[in-house]
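Visitor: Mind looking at a prediction? Sequence and model below.
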Number of protein chains: 2
Amino acid sequence: MTPVRAILFDVFGTVVDWRGSLIADLSAWGFPRGIEADWAGLADAWRGEYAPSMDAVRRGARPWTVLDELHRASLETLLPRFGLSGLNDADRDHVTKVWQRLDPWPDSVAGLTRLKRLCTIAPLSNGNVSLLVAMARRAGLPWDMVFGSDLFRHFKPDPETYLGACGLLRLEPGEVMLAAAHAGDLAAAQRLGLRTAFIARPLEHGPNGTPEPAGAWDFSLASVEELAEAMEAAQG
Amino acid sequence: MTPVRAILFDVFGTVVDWRGSLIADLSAWGFPRGIEADWAGLADAWRGEYAPSMDAVRRGARPWTVLDELHRASLETLLPRFGLSGLNDADRDHVTKVWQRLDPWPDSVAGLTRLKRLCTIAPLSNGNVSLLVAMARRAGLPWDMVFGSDLFRHFKPDPETYLGACGLLRLEPGEVMLAAAHAGDLAAAQRLGLRTAFIARPLEHGPNGTPEPAGAWDFSLASVEELAEAMEAAQG
């Protein structure tokens, strides 16, 4: 069996807890400013705009746009619904940059640190490079390389992203594994010949999330630390 | 004055000692195999092919080719001159990959580690991403991001490289500094509005190297640690 030379990680939901972080960050920011809102509702609605906003780029209705700017545009449309139309431009910038201030799940940094000893580790995310770099610097994510979607000017699950990362690593798809909490992402990678590790994140969408559909993944695990354990065992 | 948000580093010669590393690595590899050669001569001749091989790509005489492959092609042409025609394919692969096994100058890792606390740090190199990632993993270079020339399909000093890195960082050129041991690299960056730090590496080409021409650089220093000191003082 070909050894795994690199593991690519989905980021939002898999490595970091976007929903919990958005609620905590925006509540703490708003409170001393007297800004109250349904932050959980905003987090869910904002994330709800994520796939449609990328789809608009994918079908050419919108030119290539980095995720930072898609996030900002989605926020603008949501503010009135959440009683936040009064936020000024600097506030809107700060709120949009919350996507750089996401906290890792408790096992992420420890697991990545162990995996980095075994092989190359990098995010493969729909986030742009600058967002991912800022997030990694703040959260201490020990990436060897950062694959943002702006390197490929494509969003996952477009094949250009998975194959683009393999190409830049000069590895065959079979030497590369995608680790993700989302079946659609893993299925796209698997179709292209990458190996797959499902990391269950049942709380990604809060207490009422629906489980991901099952799939024939190479690994199906509950944390990045469990992936490290599995890879350590496999490599001997 | 705009603060420096990111420092880009030239790698070969500035962060790592390619000549000393090539000689040490290839001597140690050849000795137990009974392979002797003028390794210093090979290092110098190989590096001598570096600029001409990239020029061939730049003027379109050769399609886009990553540095790994330019190195391999140059090696092939040099082997007979150094009595090394007998190397088999696996040997040639191993020897070509010496460019991933370069040791940092003694101040590089300590200086980069300090600078990383202040701002984003990344290589901006004519090396390809996979070469730079392998080098960083082995040498412990704590990059936040890796800008290889294959991201831009251009080699320095083409403007696409400097401006491409600034664009991916979503920074203005004036917020970004290039640190390099080579006046030509710094001059190209300076023309585009980047800030410049000259790091003197008088031993890059061995004991008989010629000094780099002077320039109106923002900083002119003797090590990456001195750059860390200067940036700490400026920000502190």
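Guide: That came through, no problem.
Visitor: Chain B contacts on chain A?
Guide: The interface of chain A toward chain B, taken as Cβ under 8 Å from any Cβ of the partner chain, is made up of A:66, A:68, A:116, A:120, A:128-130, A:133, A:136-137, A:144-146, A:148, A:150-151, A:168-171. In this view, the C-beta of every residue, glycine as well, is placed from N, C-alpha and C.
Visitor: out of those residues, which are inside strands?
Guide: Those of the residues of chain A next to chain B mapping onto strands are A:Thr120, per DSSP state E.
Visitor: Now do the same contact list for A:Phe82.
Guide: Going by Cβ atoms under 8 Å, 6 or more residues apart in numbering or on different chains, A:Phe82 touches A:Ala37, A:Asp38, A:Gly41, A:Leu42, A:Ala45.
Visitor: what's the burial count for the fourth one?
Guide: Residues contacting A:Leu42 under the criterion other Cβ atoms under 10 Å in any protein chain shown number 21.
Visitor: wait, isn't it in contact with A:Leu78?
Guide: Yes: proximity of A:Leu42 to A:Leu78 meets the contact threshold set by Cβ atoms under 8 Å, at 6.4 Å.
Visitor: Overlap of the contact sets of the two?
Guide: A:Leu84.
Visitor: separation between the nearest residue in space to A:Arg153 that is not next to it in sequence and A:Leu194?
Guide: Distances taken as Cβ to Cβ, 6 or more residues apart in numbering or on different chains put A:Trp64 closest to A:Arg153, at 4.9 Å, once the chain neighbours are dropped. According to Cβ to Cβ, to the nearest Å, A:Trp64 and A:Leu194 sit 24 Å apart.
Visitor: Looking at those two, which is more packed in?
Guide: More crowded of A:Trp64 and A:Leu194, by other Cβ under 10 Å: A:Leu194, with 27 against 12.
Visitor: count of residues packed around the residue lying closest to the more buried one once chain neighbours are set aside?
Guide: Leaving aside its chain neighbours, A:Leu194 sits nearest to A:Pro173 (4.8 Å; criterion: Cβ to Cβ, 6+ apart). Neighbour count for A:Pro173, taken as other Cβ under 10 Å: 19.
Visitor: quick one, phi psi at A:Pro173?
Guide: Backbone dihedrals for A:Pro173, given as degrees, to the nearest 10, come out at phi -50, psi -40.
Visitor: Hmm, A:Pro159 and it touching each other?
Guide: No: A:Pro173 sits out of contact with A:Pro159 when judged by Cβ under 8 Å, with a separation of 10.0 Å.
Visitor: Now for the two: what residues contact both?
Guide: Common neighbours of A:Pro173 and A:Pro159 (Cβ under 8 Å, 6+ apart) are A:Leu192.
Visitor: care to break chain A down by domain?
Guide: Following automatic domain parsing, one gets these domains for chain A: A:6-17+A:102-235, A:19-100.
Visitor: so the nearest residue to A:Val224 once chain neighbours are set aside is in which element?
Guide: For A:Val224, ignoring the flanking residues on the chain, the nearest one in space by Cβ to Cβ, 6+ apart is A:Gly111 at 2.9 Å. Per DSSP states H and E: A:Gly111 is located in helix A:108-118.
Visitor: Can I get the domains of chain A in CSV including mean pLDDT?
Guide: As requested, these are exported to CSV (pLDDT from 0 to 100):
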stretch, mean pLDDT
domain A:6-17+A:102-235, 97
domain A:19-100, 97
